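*Asks:* Just a sequence and a predicted model for now, questions to come.
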Amino acid sequence: MPPKQGKPAPAKPSKPEASDSVAAPAPPPKPAPTPLSTPSPLRRPSSLLDTRLVYRGDNLEQLAKLSDACTDPIFIDPPFNSNCNYEVFWSESKEMRSFDDRHASTQAYIDHMRPRCQQLARVLKTTGSFYYDCDWHVFHYVKVMLDQMFGTGSPKLA
């Protein structure tokens, strides 16, 4: 009998060969990283000192409230004992403020600054740096006072 004529048999699916490549599905996109430099408004940047605050008032009283070795660096710009009276207009309100940068003597100025610098030395971390801004009126006297506190040639003094 002759073979039947009809529809051809459906092709069998071929098995992939070892040389055939199959594309894997793409992994889901990773979420964008959160910047580490942006501090959370609810988190304190330092566990020792809340650096989000401005401490107002006599610095000797404010420093007494701080724990030992809690800050780094320290920069101060106290009056220079320039024997002048300073007047400035403050902010947009144009309120005039003034301070008298006069002490009875250079020794009186150093006597005024010594307890403040002792408190600053107490709150300075062991790895800290201390910056004292002053002019020629008292520079050498301040240097001697700070050398007595920190040691001559201390790397803490900048």
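*Replies:* Received the coordinates, thanks. Numbering: from 1, shown residues only.

*Asks:* Thought residue 141 was touching residue 106, still the case?
*Replies:* Yes. Contact criterion C-beta atoms under 8 Å: residue 106 and residue 141 qualify, at 5.6 Å. All C-beta atoms are positioned from the backbone trio N, CA, C, and that covers glycine.

*Asks:* where are the low-confidence patches of this protein?
*Replies:* Counting by pLDDT under 70, the ranges of the chain that qualify are 1-46.

*Asks:* what about 90?
*Replies:* Along the chain, the model assigns pLDDT under 90 to residues 1-58, 72, 79-80, 82, 86-100, 135, 137, 153-158.

*Asks:* Determine the longest helix present in it.
*Replies:* Longest helix in the chain by number of residues (criterion: DSSP state H): helix 106-123.

*Asks:* what packs against the following helix or strand past that one?
*Replies:* Where DSSP states H and E defines the elements, the next helix or strand beyond helix 106-123 is strand 130-132. Applying 3 or more C-beta pairs under 8 Å, 6 or more residues apart in numbering; DSSP states H and E, one finds that strand 130-132 contacts strand 74-76, helix 106-123, helix 139-150.

*Asks:* Now render the ones you listed as CSV, adding distance to residue 99 and mean neighbour count.
*Replies:* Converted to CSV, these look like this (distance: least, C-beta to C-beta, whole Å; neighbours: other C-beta atoms under 10 Å):
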stretch, distance to residue 99, mean neighbour count
strand 74-76, 15, 14
helix 106-123, 13, 16
helix 139-150, 19, 15
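
*Asks:* got these as TSV, with distance to residue 90 columns?
*Replies:* Listed next are the helices and strands packed on strand 130-132 as TSV, based on distance: least, C-beta to C-beta, whole Å:
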stretch	distance to residue 90
strand 74-76	21
helix 106-123	23
helix 139-150	27
